[in-house]
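> Got a predicted structure here, sequence first:
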Amino acid sequence: MVIANIISYVLVLVGALNWGLYGIFNFNLVSWVFMGPRSVGSIIIYSLIALAAIWLIISPIISGHGLRLSMRDEEEREARRTSEHSV
């Protein structure tokens, strides 16, 4: 789940960067890379960015806690659970 969160985070950042470039400079980075706003590559990237945003919205709800970008939190919680059960 951590890997999915990191990938989603990066994709959403790419989307935000694209919107910023478009808003400030009227330059669409995704369209420029894939030679048009309705090319197959652009549609795939836009769809992946939208799915990543949806994932970042529902991930904390599914997991029952905040968004995780590190395995350290999971390892610390597991260590606490193990020490509580052993006492």
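Thanks, I have the structure now.

> what about residue 16, neighbour count?
Under the neighbour criterion other CB atoms under 10 Å, residue 16 is assigned a count of 12. In this view, the C-beta of every residue, glycine as well, is placed from N, C-alpha and C.

> For the protein, just list every one of the strands.
In the chain, no strands are found when defined by DSSP state E.

> Okay, now the unreliable bits of it?
Within the chain, the stretches falling below the threshold (pLDDT under 70) are 67-68, 71, 73-74, 85-87.

> what residues are up against the closest residue to residue 49 other than its chain neighbours?
Closest residue to residue 49 apart from its sequence neighbours, by CB to CB, 6 or more residues apart in numbering: residue 15 at 3.9 Å. Residues touching residue 15, when contacts are defined by CB atoms under 8 Å, 6 or more residues apart in numbering, comprise 49, 52-53.

> Show me the helices in this structure, by range?
Taking DSSP state H as the criterion, the chain carries its helices at 2-25, 29-33, 40-63, 71-86.

> looking at these, which is buried most?
Here the criterion is mean neighbour count by mean count of other CB atoms under 10 Å, and of the helices of the chain the winner is helix 29-33, at a mean of 16.

> Now do that helix: which elements does it pack against?
helix 2-25, helix 40-63 (3 or more CB pairs under 8 Å, 6 or more residues apart in numbering; DSSP states H and E).

> As a markdown table, those with distance to residue 79 would be great.
Written out in a markdown table, the entries for these read as follows (distance: least, CB to CB, whole Å):
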| stretch | distance to residue 79 |
| --- | --- |
| helix 2-25 | 17 |
| helix 40-63 | 18 |
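
> how about these, which one is nearest residue 78?
Ranking the helices and strands packed on helix 29-33 by their distance to residue 78 (criterion: CB to CB) puts helix 2-25 first, at 13.4 Å.

> For residue 80, see how far away the nearest residue to residue 70 once chain neighbours are set aside is.
If you skip the residues right next to it in sequence, residue 70 has residue 2 as its closest partner in space, 6.8 Å away by CB to CB, 6+ apart. Between residue 2 and residue 80 the distance, using CB to CB, to the nearest Å, works out to 18 Å.
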